[in-house]
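J.: 3D, please:
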Amino acid sequence: MSESTVDVLPELKQIVGALLFAAREPLTVARVRKAMIETGNGFGGPYEQYAKASEEQIEGAIAQLQEDLVKAKVGLDVSLVGGAYRLQNDATCGPFVRALLEKNQTMRLSKPALETLAIVAYRQPCLRSEIEEVRGVSVDAVLRKLIDMQLVRVVRRSELPGRPWLFGTTQRFLEHFGINTVDDLPGSAELKRAMPVDESRKSTDTFPEMEDELSAENAMDDLAEDESSDALDEEFQASEQDSAPLADDEDFGEDEEEEL
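T.: Numbers count the residues shown, from 1 in each chain. Coordinates of the predicted model:
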């Protein structure tokens, strides 16, 4: 192996950057390492050294890449969402990216959808009846829309009579709002301090917990606005691993008039 050959081999952070740029979805450290092992074993020779890279070394390369991007001010950064890393545009550059892609009319969730999504996010896994108890209206149509958008999924069946479905959020939900886990969502105490509740919308006599849910909805609305410029806008695509189909025996109607 000649010295000139060694000189042209990329650094670990270069490889990580290329993989994040080419990936259509966030990459875990394990997935990056798998690509390096496959390359090292497949090409052999000087590439074999990459197959020996540890997860700690890869994490260090990701951190170095992020630091270099921030220092260089190239309009890109590395973000950890849903336990995986993605390369995305800087939030401050979002308006220009949307203008270039003609995406200025970004898809936003309606208030009914945000209310339903907030309840699912904070109470998951939860029943449809629990969501309707808080909102006070049928959520059939909105819930189905959220499932179609890959933000909500069927987790499993409840042990209650009739075995109704339990719903939870998806990996797509974490990516859309730019958070690593649902634990990163604001706590109820924080929401009460930061998000005053609209008295005309809550009914504390019947549902005292509604205050937390409406505050959560407002916080998630702000998250949606903040994160809409973080990544290059892409349309939601179907993902079998994130969404389970509704069962035929589940009685989902189309009576709700509120649309996304």
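J.: could you measure Val16 against Ala22, distance?
T.: From Val16 across to Ala22, the span is 11 Å (Cβ to Cβ, to the nearest Å). Every residue, glycine included, has its C-beta placed from N, CA and C.
J.: Show me which of the two is the more surrounded one.
T.: Val16 (29 against 10; other Cβ atoms under 10 Å).
J.: was I right about the more buried one contacting Val32?
T.: Yes: contact status for Val16 versus Val32: in contact at 6.2 Å, counting by Cβ atoms under 8 Å.
J.: Mutual contacts of the two, please.
T.: Ile58 (Cβ atoms under 8 Å, 6 or more residues apart in numbering).
J.: which stretches of the stretch 1-150 of the chain form strands?
T.: Applying DSSP state E, counting those that start in this stretch to the stretch 1-150 of the chain gives strands spanning 76-81, 84-89, 126-127.
J.: So which of the ones you listed is nearest Glu55?
T.: Nearest to Glu55, of all those, is strand 84-89, at 12.4 Å by Cβ to Cβ.
J.: which helices and strands sit right next to that closest one?
T.: helix 12-22, strand 76-81 (3 or more Cβ pairs under 8 Å, 6 or more residues apart in numbering; DSSP states H and E).
J.: Columns mean pLDDT and distance to Leu166 on top of those, output as TSV?
T.: Listed next are the helices and strands packed on strand 84-89 as TSV, based on pLDDT from 0 to 100; distance: least, Cβ to Cβ, whole Å:
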stretch	mean pLDDT	distance to Leu166
helix 12-22	95	34
strand 76-81	90	24
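J.: So for Gly168, which of those sits nearest?
T.: Here strand 76-81 is closest among the helices and strands packed on strand 84-89 (Cβ to Cβ), at 17.0 Å.
J.: Contacts only, for Ala72.
T.: Going by Cβ under 8 Å, 6+ apart, the list of residues near Ala72 is empty.
J.: ok, it to Asn89 distance?
T.: 14 Å.
J.: Buried residues of stretch 48-58, list them for me.
T.: If you call a residue buried by 16 or more other Cβ atoms under 10 Å, then stretch 48-58 has these buried ones: Tyr50, Ala51, Ala53, Ile58.
J.: how about TSV for those, with distance to Thr39 and pLDDT added?
T.: Converted to TSV, the buried residues of stretch 48-58 look like this (distance: Cβ to Cβ, whole Å; pLDDT from 0 to 100):
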residue	distance to Thr39	pLDDT
Tyr50	6	94
Ala51	7	93
Ala53	10	93
Ile58	13	95
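J.: from the residues you listed, which single one is nearest Leu185?
T.: After measuring the buried residues of stretch 48-58 against Leu185 - Cβ to Cβ - the closest member comes out as Ile58, at 28.0 Å.
J.: Give me the buried positions along stretch 129-143.
T.: Glu130, Ile131, Glu132, Val134, Arg135, Val137, Ser138, Val139, Asp140, Ala141, Val142, Leu143.
J.: Near Gln171, how many other residues are there?
T.: Using other Cβ under 10 Å, Gln171 is surrounded by 18 other residues.
J.: just Gln14 next, same as before
T.: 12.
J.: in the stretch 101-250 of the chain, which segments are predicted with low confidence?
T.: The stretch 101-250 of the chain contains residues with pLDDT under 70 at 103-107, 188-250.
J.: let's see 80
T.: 102-108, 186-250 (pLDDT under 80).
J.: All the helices of it, residue numbers only.
T.: 111-123, 128-135, 140-148, 171-177, 188-194, 210-227 (DSSP state H, counting those that start in this stretch).
J.: Send me the second one as PDB with only the CA atoms.
T.: Extracted C-alpha coordinates of helix 128-135, given in PDB (Å, rounded to 0.1, in the frame of the first residue of the first chain):
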ATOM      1  CA  ARG A 128     -59.600   6.600  21.200                       C
ATOM      2  CA  SER A 129     -62.300   7.000  24.000                       C
ATOM      3  CA  GLU A 130     -59.700   8.800  26.200                       C
ATOM      4  CA  ILE A 131     -58.900  11.200  23.400                       C
ATOM      5  CA  GLU A 132     -62.600  11.900  22.800                       C
ATOM      6  CA  GLU A 133     -63.200  12.400  26.600                       C
ATOM      7  CA  VAL A 134     -60.600  15.200  26.700                       C
ATOM      8  CA  ARG A 135     -61.600  16.800  23.300                       C
END
